[in-house]
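**Student:** Provide a 3D model corresponding to the input given below.
(one chain, ligands or ions: 2)
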Amino acid sequence: MPSSKNPPTDSSAAFPFVVVSNRLPVDRQVHADGTLSFRTSPGGLVTALEPVMREADGAWIGWTGSADDETDPFEHDGIHLIPVTLTADDVELYYEGFSNDTLWPLYHDVIAPPAYHREWWESYVTVNQRFADRAAAVTAENGTVWVQDYQLQLVPKMLREQRPDLTIGFFNHIPFPAYGIYSQLPWRTQIIEGLLGADVIGFQRTADAGNFTRAVRRLLGHQTKGTVIDVPVEAEAEVKSAKHRISRVRDDKLVRTVVAKAFPISIDAARYEELARRPDIQERAREIREGLGNPKVVMLGVDRLDYTKGIGHRLKAFGELLADGTVDVEDVTLVQVASPSRERVTAYQNLRDEIELTVGRINGDFGTISHTAISYLHHGYPREEMVALYLAADVMLVTALRDGMNLVAKEYVASRFDNDGVLVLSEFAGASDELRTALRVNPHDIEGLKESILQAVAMPKSERSRRMRAMRKRVQENDVARWSSSFLATLTTPSDGLALPKANKAAPVIDTDAALDEAAE
Ligand SMILES: O=P(O)(O)OC[C@H]1O[C@H](O[C@H]2O[C@H](CO)[C@@H](O)[C@H](O)[C@H]2O)[C@H](O)[C@@H](O)[C@@H]1O
Ligand SMILES: O=c1ccn([C@@H]2O[C@H](COP(=O)(O)OP(=O)(O)O)[C@@H](O)[C@H]2O)c(=O)[nH]1
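**Tutor:** Ligands and ions are numbered 1, 2, ... in the order given. The predicted structure follows:
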């Protein structure tokens, strides 16, 4: 049932291509004097989708980041933005609760314990319906809707029920857990059914797609082959509208074919290199090093302050290196950007306390009047400053315990047009599938992490350059434009790459009108 918030926009505003994500790329802020300002929303989803949307003539549906904000649709940077209102209760139950205290820890291998509350689930259903209604109201006939991420997993099914004419894609930016973990979720079947409303479901890693497909088999018993899932067709409208994806399988059953496959996300690599080549940004990088007292080695960590990012493990390794004297505070400084995130969720508040206590202890124990061991920054910085930090850093530390992709790792590589710098990269971040010449680490193994940090600090220039060149090639070739075009190509040309079951091979596409007649007889 359509929800009352944000009633459908005028039908004249119909977009052939619509992206739906929890967050819009910017928070629109109205100041007391009536002036407006825009602040970039946190996180890699926005970093990745912004360039895609600037190229596409579509609309982006999402939340502005403030409770009870009833902002009308507006244009920003050439992108048409359509806000969805979240009340203070929605923020607490749907966003902070079910999305970030149930799904987030569950999907990140229960690093923190997920909480299961029925009222959070109810709010998740209500808010997903609101996003689906909004998309249904603004998308042109036979248009394409691309739904993003774990906050909106019910939207594909809800949207298909209202608008079977649409082509629907879904991309999951975070890991999809193994069935042994996923099966904890009291609403595990509803979520899988929600996702199967899409025609193509994208994941960061092949392992995530495999975990999802296994969950589909275990919970629903649907047939799967390779990346293709056969979903039995129930509604007549579905058959009539989605001809190209309907096929007949054994026993004359009609199925929709859904593709579940890895499409590793990336960044606008050329844009990062362009920024890194700017003289003012290079000057800023020099200033940063000077401000730190020109240490021999600058190490850098950049993360949302999130327990998945392994910031504590990184600090432990660095603290032990200082304690055992292998690293001298006069020579090596760690800059840790920990940008504020989900600050009302208890697990995030506890994490902040822990991290800040550890930083304080390490600085107190090892700092000198002229050198601080860790420069800790609890801020969110604009992209230009991020690039200056990347240029200033000899060693980049990405030690996530679990991470969908980690765009910071790719941004570091894209910015280092000088082919210098060493990336220490957790094997539990999606980026590690591609950046094979990084120093790959298991962040739980503190001894191994310490050894890798020492190896990075002492690495000869020729080896740094060889490793960085290989990673740069990969990031330049597989940039965000390639990510979106390969996803959208799979979405809009469904026969591409489909490993159809044997019974379908002779006639993968059927005459659906005739099939309906037959079914009616
Ligand atoms: O919107 P927030 O709750 O403030 O969180 C920010 C975003 O965090 C997550 O980002 C993920 O997407 C990145 C791009 O694909 C990926 O590199 C990273 O590994 C993920 O953690 C989240 O998935 C987004 O929905 C949030 O907007
Ligand atoms: O102060 C900051 C910290 C981070 N970021 C950006 O936030 C994104 C983080 O994405 P990532 O995939 O690494 O992790 P997520 O936060 O999405 O889990 C990257 O584009 C960073 O450059 C930023 O612009 N300013």
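**Student:** contacts for stretch 198-206?
**Tutor:** 147, 156, 167-176, 195, 209, 212, 242, 245, 256, 258-265, 404-405, 430, 433, 487, 490-491, 494 (C-beta atoms under 8 Å, 6 or more residues apart in numbering). The C-beta positions use only the backbone N, C-alpha and C, and glycine is treated the same way.
**Student:** Please see if that stretch touches ligand 1.
**Tutor:** No: judged by C-beta under 6 Å from any ligand atom, stretch 198-206 makes no contact with ligand 1; its nearest approach is 6.7 Å.
**Student:** Could you show which parts of the stretch 201-350 of the chain are in contact with ligand 2?
**Tutor:** 302, 304, 337, 339.
**Student:** now those residues in TSV, with secondary structure and pLDDT?
**Tutor:** Putting these into TSV (DSSP: H, G, I helix; E, B strand; the rest coil; pLDDT from 0 to 100) gives the following:
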residue	secondary structure	pLDDT
302	strand	98
304	strand	98
337	strand	98
339	strand	98
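**Student:** who's the nearest residue to residue 393 once chain neighbours are set aside bridged to?
**Tutor:** Leaving aside its sequence neighbours, residue 393 sits nearest to residue 300 (C-beta to C-beta, 6 or more residues apart in numbering; 3.6 Å). Assessed by DSSP bridges, residue 300 has beta-bridge partners residue 335, residue 396.
**Student:** Show me which of the residues of the stretch 201-350 of the chain next to ligand 2 are buried.
**Tutor:** 302, 304, 337, 339 (16 or more other C-beta atoms under 10 Å).
**Student:** out of the residues you listed, who's nearest ligand 1?
**Tutor:** residue 304 (6.2 Å; C-beta to the nearest ligand atom).
**Student:** In PyMOL, how would I select the buried members of the contacts of stretch 198-206?
**Tutor:** Selecting only the buried entries of these in PyMOL, with 16+ other C-beta under 10 Å as the criterion:
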select buried, resi 147+156+167+168+169+170+171+172+173+174+175+176+195+209+212+242+245+256+258+259+260+261+262+263+264+265+404+405+430+487+490+491+494
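**Student:** Give me the subset of the contacts of stretch 198-206 that also touch ligand 1.
**Tutor:** 173-174, 265, 404-405.
**Student:** Now for those: which two are most distant?
**Tutor:** 174 and 265 (10.9 Å; C-beta to C-beta).
**Student:** what do the two both touch?
**Tutor:** 204, 404.
**Student:** Just to be sure, residue 338 is in a strand?
**Tutor:** Yes: remark: residue 338 belongs to a strand, assigned using DSSP: H, G, I helix; E, B strand; the rest coil.
**Student:** Wait, residue 30 touches residue 64, no?
**Tutor:** No: look at residue 30 against residue 64 with C-beta atoms under 8 Å: they stay out of range, at 10.5 Å.
**Student:** Distance check, residue 384 against residue 202.
**Tutor:** For residue 384, the distance to residue 202 (C-beta to C-beta, to the nearest Å) stands at 30 Å.
**Student:** Which parts of the stretch 301-450 of the chain are strands?
**Tutor:** 332-339, 374-377, 395-398, 422-426, 439-441 (DSSP state E, counting those that start in this stretch).
**Student:** Single out the most deeply packed of the ones you listed.
**Tutor:** Comparing the strands of the stretch 301-450 of the chain by mean neighbour count (mean count of other C-beta atoms under 10 Å), strand 395-398 comes out on top with a mean of 28.
**Student:** List, one by one, the residues from the chain near ligand 1.
**Tutor:** So the chain meets ligand 1 at 22-23, 42-45, 48, 149, 173-174, 265, 341-342, 403-407 (C-beta under 6 Å from any ligand atom).
**Student:** since we're on residue 116, how many residues are nearby?
**Tutor:** By other C-beta atoms under 10 Å, 15 other residues sit near residue 116.
**Student:** cool, residue 465 as well?
**Tutor:** 16.
**Student:** what's in contact with the strand or helix carrying it?
**Tutor:** Element membership of residue 465, judged by DSSP states H and E, is helix 461-477. With C-beta under 8 Å, 6+ apart as the test, helix 461-477 has contacts from 266-267, 269-270, 410, 413-414, 416-417, 419-423, 434-439.
**Student:** C-alpha coordinates for whichever helix or strand comes after it, PDB please?
**Tutor:** Downstream of helix 461-477, the next assigned helix or strand under DSSP H and E is helix 480-492. Output of helix 480-492 as PDB, limited to C-alpha atoms (Å, rounded to 0.1, in the frame of the first residue of the first chain):
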ATOM      1  CA  VAL A 480      33.600   3.500 -11.900                       C
ATOM      2  CA  ALA A 481      32.400   4.100 -15.400                       C
ATOM      3  CA  ARG A 482      33.300   0.500 -16.300                       C
ATOM      4  CA  TRP A 483      31.500  -0.800 -13.200                       C
ATOM      5  CA  SER A 484      28.300   1.000 -14.000                       C
ATOM      6  CA  SER A 485      28.400   0.200 -17.700                       C
ATOM      7  CA  SER A 486      29.000  -3.500 -17.100                       C
ATOM      8  CA  PHE A 487      26.200  -3.700 -14.500                       C
ATOM      9  CA  LEU A 488      23.800  -1.800 -16.700                       C
ATOM     10  CA  ALA A 489      24.700  -3.800 -19.800                       C
ATOM     11  CA  THR A 490      23.900  -7.000 -18.000                       C
ATOM     12  CA  LEU A 491      20.600  -5.400 -16.800                       C
ATOM     13  CA  THR A 492      19.400  -4.200 -20.100                       C
END
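**Student:** In terms of secondary structure, what does helix 480-492 contact?
**Tutor:** helix 44-55, strand 139-148, strand 167-171, strand 200-203 (3 or more C-beta pairs under 8 Å, 6 or more residues apart in numbering; DSSP states H and E).
**Student:** distance of the closest residue to residue 361 other than its chain neighbours from residue 302?
**Tutor:** In space, residue 361 comes closest to residue 319 once its chain neighbours are excluded; the distance is 7.7 Å by C-beta to C-beta, 6+ apart. As for residue 319, its distance to residue 302 is 19 Å (criterion: C-beta to C-beta).
**Student:** For this structure, what lies in contact range of ligand 2?
**Tutor:** So the chain meets ligand 2 at 43-44, 47, 302, 304, 337, 339, 380-381, 383, 386, 405-408, 411 (C-beta under 6 Å from any ligand atom).
**Student:** before we move on, the earlier item: so which of residue 30 and residue 64 has more stuff around it?
**Tutor:** Per other C-beta under 10 Å, whichever of residue 30 and residue 64 has more neighbours is residue 64, with 22 against 12.
**Student:** mind listing what the more buried one touches?
**Tutor:** 24, 26-28, 71, 83.
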